[in-house]
Each structure stands twice: as structure tokens, then as C-alpha cells.
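1. please find the sequence and the predicted model below.
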Amino acid sequence: MKIVFNWWYIPIIFFGALFVLYTGLVGYRLVTAQVGAEKTQTGEDGGFWSNISNSMGLNTRRLTGERDGHVNVLLTGVAGGDNTAPDLTDTIMFVSVDTQNHELDMFSIPRDLYVEVPGFGYSKINAAYSMGKNYNVAGGGMSVLEDTVTNVVGQDIDYYVKVDFDGFVQAVDLLGGIEVNVENDIYDYMYPDGYGGYQVFSVQAGRQHMDGETALKYSRSRQTTSDFDRARRQQQVLLGMKEAFLSKSLVEGATILVQMIDVISNHLETDLKIWEWERVVKLVRDWGDDISINNFVFDNTAEGMLMDSSSGEIYTLVPRAGDFSEIHDFVQNQIDTQGIKEKEILTMSIHNGTNRVGLASKAGELVEGDGNIVTELDNWDEDVTESFVKCNKDKMELAEDYFSKWDIVVESSDEVYEDKDCVLVLGDNFEIQE
């Protein structure tokens, strides 16, 4: 499935978690000065947003996994707050981002999957985070859940994003609600009321306008449907969130982003560092207007890789193959084969036009790390303020795409370089963050 939309909309696709992440990526640019000023005045750490108060600047570092072509992210949603089971993960998604071909593979993992939780024995996967958190395991609950999910999908996890239900509800309400096309009537007489009991949740088929609470219930309800149906409804909800946001004017959208700050600071947890947030923004911006998104739900259908089982009187799901090898192969094949493209490379010389020793060598490491070839490293014959690059005409398009991530303008060379494609000259504005 291919979804086309502008670069700044892409994070909305990840249910509540990445909708909140989206407001972080864009919203902090609107409030950087304010947050930085408040921190300076109070001398206190303002929590999540105080960590995002740096200006974006030029960022040449790479995300974990980016040099290998894939960044793997674990997305989770928990009840949080005063709910009876605040730390059970209702939503678990493994997402592999192909940074070379600009594709996302999203794998939804059902909460009833019966797994071995490292250090705790066998349990449903939705309890892994709670176990690690409540028993104060080194690295916390997310560390235990990451290890558990890695065992299921056979892939290492580079980053995680966790959001709670209150944050999701507030996000939808700030949008003024969302429109959802409900495919079938739902009547759930055992929807948790948050206090150990149940309440009735019902919605009729057809196009429905939902506030935050209703959207959450629609996303979570499964008693009279299934965990797999719920995963598909979550995809409907996030598309509804996207459409709701796109319907706003520029001023309305900016206002909503600012209002989301409080939601994010209280309801979002992630291990992305400041510079990594900046890198995410830079990457997605450079990708352009379209990206391929592939959604998968591990289920118990005839073609699925899971089957019904039980542990005592508790309903569970287990791998049909007897272990997770089939899922490992499926995930690996999907990641390896999705949109394979032959990668073009650039050959260039790099020259230091500043008084900073070793700048050309450091830049060369980054260029070669991206698979390109460096033919020469030396000093430029004069001081340079603004970095620039000149390339042969037949490499202009490729060079413009590559150097855009460093905000360096590419010029066509008056002479034809025989032994290289480009000449990169580093100026005072070129920064490599350590």
C-alpha cells in the first residue's frame, strides 16, 4: 500500500504514539525560544520539552542503524494514569524504516501472544513492560519489552516511543474529533471502565464523528470482535487524525501544535536524544512528498502465522510453527525485499576551508559511511565562510539529493572533473556534532 502526503505528515501514521511524536518534531520549532527562555529564568529542567530546546542547526550524525539502511523502532501504547492495569501494553508495533528507499514496514503484534519474557518466564507479551518496570529491572520496563519483541521478530530495536491513553484522548480532542468510516456495528458489553468493572461501548456502522474517548474505545474494543480487528481499526483512527489535522488552516494547525506540548511532556516516553529528534526531522524532510508504507498484522487466520492456544484458563496465541522462526523469516524477507533499488554513489575530493584541524577527515568518514568514495583530503587555499560543492553536470541531480541533508548548495562545475564527480569545500558553517 502506498500513501502519498507531505513530509511533515508522516509521523501521524503511527497511531497515538507517532501523532504525538509528530507534534514534537514540528511543534518544538515553534516554541524553542520560549522553552529555552523559561529554562534560563528558572534554572530548572522542564522535562521532555526542555530536552528539545536546541535549535536544529546542521546535524551530520546518523541514527543507530541508519548506515546499515534500516532504523528499527518499537511503538507502544499503555493505559497509564489511574487505570487498573496502567502498564499493560495495549498496542505493540515493530516498525522498520528503510532510510535508503524511504519505506516503512509496520508489524502489529497482538497483546495475547504467549512469549518467554527474559528473566521472568512465559507470559502474554503485553505484561513484559509491566514486569520490567515493577521489578526495577536495569533499563526499566522498556528494556524488557524490547528484548521480548526482538525475540519475536528476530530484529534488534534501535529506539522506542511509548504513549499513554490520556495523551491519545487529548490529542484527538485538540483536533476537534475525527471522522471514521465504521465498517460494522460494534456492541461491546465488556469494555473496561478503568475501575475493575465494565461498561457498554457501541457504535453503528457508517461514517461517525468521534471525540477522543470514543476514538480510544473504538481503537481498544475487542471483546465482541478480535485483537486483529482492533489493530486494523487503529489504522483507521490514525488516518482520521491525519485528515482532521489537514483540514485545519495554517494558524489553527500551529495553535494545536503549541497546545500539544503539555500532552507530550506528560504522556510521552522515548529514548531519542535531542540530536536524534533533529535528525528524524531532517531525514523525513529530505525524503520528499511520497513514501511507501506497508502494514502487517500477525494473526490466526488460515494464512496467518499464529494459532489459538491457552495457558491454564487464559486465552493465548502461539506461533503455528512451534517457535518464532517463521515470523523471523517473514520480517527479514519483508525488510530485505521491499523496494530494493540500486544505489548510486558519488566520488569526491574534500577540502578544509577553515582553521579547524581534521575537519575534512571527519567529513570524509561520514561521506564514506554513506557508501560514497573520497579520492582526496586536503586544505583549501583560502578561508571559506559558506560551504559549497561543485559537481560534473551529469551528477548534479544525485549530488543535490545527497548534499541537501547538509544544506549545502550544489553548483555545476565549469570544468569537467576526470577523476571524481564533485569537489566539496567545507566552510565555517559546517558543523559535525560529536
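-> Yep, that arrived.
2. contact partners for the nearest residue to Gly177 once chain neighbours are set aside?
-> The spatially closest residue to Gly177, leaving aside those adjacent along the chain, is Asp211, at 4.8 Å (CB to CB, 6 or more residues apart in numbering). No exception for glycine: its C-beta is placed from N, CA and C like everyone else's. For Asp211, the set of contacting residues under the criterion of CB atoms under 8 Å, 6 or more residues apart in numbering consists of Val172, Asp173, Gly177.
3. who wins for most neighbours among these?
-> Each of the contacts of Asp211 was scored by neighbour count (other CB atoms under 10 Å); the top score is that of Val172, with 24 neighbours.
4. these two touch, right, it and Tyr218?
-> No: the pair Val172 and Tyr218 fails to qualify as a contact (CB atoms under 8 Å) at a distance of 10.4 Å.
5. give the residues shared as contacts by those two.
-> Listed contacts common to Val172 and Tyr218 are Met210; contacts here mean CB under 8 Å, 6+ apart.
6. domain assignment for this protein?
-> With automatic domain parsing as the criterion, the domains of the chain are listed as 2-337, 347-426.
7. what's the end-to-end length of the last one?
-> Read it as domain 347-426. End-to-end distance of domain 347-426: 16 Å, with CA to CA, to the nearest Å as the criterion.
8. pull the distance from it to the chain's centre.
-> 31 Å (CA atoms, centre = their mean, to the nearest Å).
9. go on, the longest one?
-> Taking CA atoms, centre = their mean, the mean C-alpha location of domain 2-337 is offset from the chain mean by 8 Å.
10. helices of the chain, residue ranges please.
-> Assigned by DSSP state H, the chain shows helices spanning 15-42, 128-134, 140-153, 165-174, 212-220, 227-246, 250-267, 274-287, 325-337, 359-369, 396-403.
11. okay, buried residues for the third one please.
-> Meaning helix 140-153. Taking 16 or more other CB atoms under 10 Å as the basis for neighbour counts, the residues of helix 140-153 that come out buried are 141-153.
12. got TSV for the residues you listed, with distance to Phe298 and pLDDT too?
-> Output for those, formatted as TSV (distance: CB to CB, whole Å; pLDDT from 0 to 100):
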residue	distance to Phe298	pLDDT
Gly141	22	93
Met142	21	94
Ser143	23	95
Val144	20	96
Leu145	16	97
Glu146	18	97
Asp147	18	97
Thr148	14	97
Val149	12	98
Thr150	15	98
Asn151	14	98
Val152	9	98
Val153	9	97
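13. list the contacts for Arg279?
-> Contact criterion CB under 8 Å, 6+ apart gives Asn59, Arg61, Arg62, Leu63, Glu66 as the residues in contact with Arg279.
14. swap in Thr316?
-> With contact taken as CB under 8 Å, 6+ apart, Thr316 is in contact with Asp112, Leu113, Tyr114, Lys124, Asp308, Ser309, Ser310.
15. nearest to Val251, out of the contacts of Arg279: which one, please.
-> Val251 lies nearest to Asn59 out of these, by CB to CB, at 29.0 Å.
16. flag the shaky bits of the stretch 151-300 of the chain, pLDDT-wise.
-> Applying pLDDT under 70 to the stretch 151-300 of the chain flags the ranges 194, 223-227, 250, 253-254, 257, 260-265, 281-282, 284-291.
17. could you rerun that using 90?
-> Segments of the stretch 151-300 of the chain classed as low confidence (criterion: pLDDT under 90) are 161-171, 175, 183-184, 189-198, 216, 219-297.
18. what's the neighbour count on the closest residue in space to Glu66 that isn't next to it in sequence?
-> Leaving out its chain neighbours, the residue that sits closest to Glu66 by CB to CB, 6+ apart is Thr99, at 5.1 Å. The local packing count at Thr99 equals 17, with neighbours defined by other CB under 10 Å.
19. if we can go back for a sec, columns distance to Ile432 on top of the domains of the chain, output as TSV?
-> Written out in TSV, the entries for the domains of the chain read as follows (distance: least, CB to CB, whole Å):
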stretch	distance to Ile432
domain 2-337	5
domain 347-426	5
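20. roughly how far apart are the nearest residue to Phe330 once chain neighbours are set aside and Tyr198?
-> Nearest residue to Phe330 in three dimensions, chain neighbours excluded: Met305, at 6.7 Å (CB to CB, 6+ apart). According to CB to CB, to the nearest Å, Met305 stands 32 Å off from Tyr198.
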